[in-house]
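Student: Sequence and predicted model, in that order:
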Amino acid sequence: MSGLETLTMAKALNTAMRHSLERDPKVVIMGEDVGKLGGVFRITDALQKDFGEDRIIDTPLAESGIIGSAVGLAIRGYRPVCEIQFDGFVYPAFDQIVSQVAKFHNRSLGNVKMPIVIRIPFGGGIGAVEHHSESPEAYFAHTAGLKVVSCANPADAYWMLRQSIESDDPVVFFEPKRRYWGKGPVDLSDASSVPPLHKARIVRPGSDATLLAYGPMVATALDAAKAAVEDGRELEVIDLRSLSPIDIGTVVESVRRTGRLIVIHEAAVNLGMGAEIAARVQERAFYSLEAPVLRVGGFDTPYPPSRIEEDWLPDVDRILDAVDRSFGF
């Protein structure tokens, strides 16, 4: 493929891996059912057929073994791309990620790189059962030595995954599974306009308040901004894109113009990404704030049964309610 294409996010991710495999023989894909089946979401569809079982590796159902093997491959100069089948399955690999992947470069005094990408479909909105709809991003963003990113559209899915695979640092790559089938334009040939991997992006300019989101909530924030026009409010929407490191400069610059900030994520509000962003913004833009930084997120409960998940997930009404509260100060 080359040039401008209209792709689903799933196809964009598949194409990114295909192009990375073609570009670098040291790239390998590994995970549960990623080969013959093509993954439960078909993100790795047809890759094993085209690149063989030595590069697209069906692993046992053992997340710790997947990541542990990836560490060994990285030490030997490979660039493993590991798929964790669902967000709630990552915890058996947590020790390997935190104790080995995140620390090996520092432990070796910079002599050993860990160019590992850990792909994790995350978030809700698909009516799944327990352990299949979680938002564990804050655990990894808190861990020094890891880079953590999340795409929100097909173009970012393609280019951010390419950038992550080419990075010498370990990257935890969160994919919003509820957006896998959304379509959008992707320029596969022009990297000149692609922002750096850890740069936030203003996806809708506005002057009255800033909505900050990432991953699955960017589309919801954009819907809320469109609805707010009826109330005479122009809301700026920022796609954070990178959760670690955070491009706080772009956020602060926006807040200094709008005076208000609402942070939106699917994860529970308690000790989530919104808390860190709120703290950094008030440190750097305190005198620009017309109201406290507000957060809209999931409730502090385990993820609910699928029949009531829409009541649990942040939606347009909850975002607009936060906007109203912000203007009430």
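Tutor: Received it, and whenever you're ready, just let me know what you need.
Student: what about the strands in the stretch 101-250 of the chain?
Tutor: Secondary structure of the stretch 101-250 of the chain (DSSP state E, counting those that start in this stretch): strands located at 117-122, 147-150, 171-176, 183-187, 201-204, 209-213, 235-239, 242-244.
Student: Before we move on, what's the pLDDT of residue 4?
Tutor: We note a pLDDT of 89 for residue 4 in this prediction.
Student: How about the one 4 residues further on?
Tutor: pLDDT, residue 8: 98.
Student: hey, what's it bridged with?
Tutor: Beta bridges link residue 8 to residue 183, judged by DSSP bridges.
Student: give me every residue that touches it.
Tutor: Counting by C-beta atoms under 8 Å, 6 or more residues apart in numbering, residue 8 makes contact with 154, 180, 181, 182, 183. In this view, the C-beta of every residue, glycine as well, is placed from N, C-alpha and C.
Student: and it, how far is that from residue 93?
Tutor: Separation of residue 8 from residue 93 (C-beta to C-beta, to the nearest Å) stands at 27 Å.
Student: Over to residue 9?
Tutor: 24 Å.
Student: Between the two, tell me which one has more neighbours.
Tutor: Neighbours per residue (other C-beta atoms under 10 Å) separate residue 9 from residue 93, with residue 9 holding more: 28 against 23.
Student: Hmm, that one is touching residue 186, no?
Tutor: No - the pair residue 9 / residue 186 is not scored as a contact, 9.4 Å apart, by C-beta atoms under 8 Å.
Student: So what does the closest residue to residue 106 other than its chain neighbours look like in phi/psi?
Tutor: Closest residue to residue 106 apart from its sequence neighbours, by C-beta to C-beta, 6 or more residues apart in numbering: residue 145 at 6.2 Å. Main-chain dihedrals, residue 145, degrees, to the nearest 10: phi 100, psi -10.
Student: Show me where the stretch 151-300 of the chain has its helices.
Tutor: For the stretch 151-300 of the chain, the helices defined by DSSP state H, counting those that start in this stretch cover 154-166, 217-228, 248-258, 273-285.
Student: ranking the ones you listed by burial, who's on top?
Tutor: Across these, the average number of neighbours (mean count of other C-beta atoms under 10 Å) peaks for helix 154-166, which reaches a mean of 24.
Student: which other residues reach that helix?
Tutor: 7-9, 11-13, 15-17, 19-20, 24, 27, 79, 81, 115, 117, 119, 147, 149, 151, 171, 173, 175, 182-188, 191, 194, 196-197, 239, 241.
Student: and it, what's its mean pLDDT?
Tutor: pLDDT averaged over helix 154-166 gives 98.
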